[in-house]
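**Student:** Below are the sequence and a predicted model for it; my questions follow.
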Amino acid sequence: MILFGGFVLLWSIYFNKKIINQKKLLVVFFRIFILASVYGASTEFIQKYFIPSRDFDVADILADVAGAAIAYGISNVFLSRIE
């Protein structure tokens, strides 16, 4: 959770400094969340099919998505600007 939450939060902070338009900023936050979620799920499938000594676990995917979702919520509440 911490890894993918940190990923989303740090990239959201970066783009918060670069993007002025509120709607565009929220779209970027959502895209970062989707990217982190897909990356988390794909790493589990890579472990399942390509790394012999690693296990696939749905709970790990859910934890990755939950961490990304929490950071996405924090980004929307604390980093978005009110126009």
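**Tutor:** Yep, it's here.

**Student:** Which strand or helix spans Ile13?
**Tutor:** helix 2-18 (DSSP states H and E).

**Student:** Which helix or strand lies directly C-terminal to that helix?
**Tutor:** Counting by DSSP H and E, what follows helix 2-18 is helix 22-50.

**Student:** Just name whatever secondary elements that following helix is in contact with.
**Tutor:** helix 2-18, helix 58-74 (3 or more CB pairs under 8 Å, 6 or more residues apart in numbering; DSSP states H and E). Every C-beta, even on glycine, is put in place using the N, C-alpha and C of the backbone.

**Student:** what's the first one packed up against?
**Tutor:** When you say that, I think you mean helix 2-18. Against helix 2-18 (3+ CB pairs under 8 Å, 6+ apart) you get helix 22-50, helix 58-74.

**Student:** Now it: average pLDDT?
**Tutor:** Averaging pLDDT along helix 2-18 yields 94.

**Student:** on that earlier part again, to Gly5, which of the helices and strands packed on helix 2-18 lies closest?
**Tutor:** helix 58-74 (3.6 Å; CB to CB).

**Student:** so what secondary structure elements neighbour the closest one?
**Tutor:** helix 2-18, helix 22-50.

**Student:** Contacts for the first one next, please.
**Tutor:** For helix 2-18, contacts defined as CB atoms under 8 Å, 6 or more residues apart in numbering pick out 25, 28-29, 32-33, 36-37, 39-40, 64-65, 67-68, 70-72, 74-75, 79.

**Student:** tell me the angle that helix makes with helix 22-50.
**Tutor:** 150 degrees (axes from the mean of the first three to the mean of the last three CA atoms, to 10 degrees).

**Student:** ok, now which ones touch the closest residue to Ala63 other than its chain neighbours?
**Tutor:** Excluding its sequence neighbours, the residue lying closest to Ala63 (CB to CB, 6 or more residues apart in numbering) is Met1, at 5.1 Å. Neighbour list for Met1: Ala63, Asp64, Ala66, Gly67, Ile70 [criterion: CB under 8 Å, 6+ apart].

**Student:** Just give me the closest of those residues to Glu44.
**Tutor:** Nearest to Glu44 among the contacts of Met1, with distances taken as CB to CB, is Asp64, at 7.9 Å.
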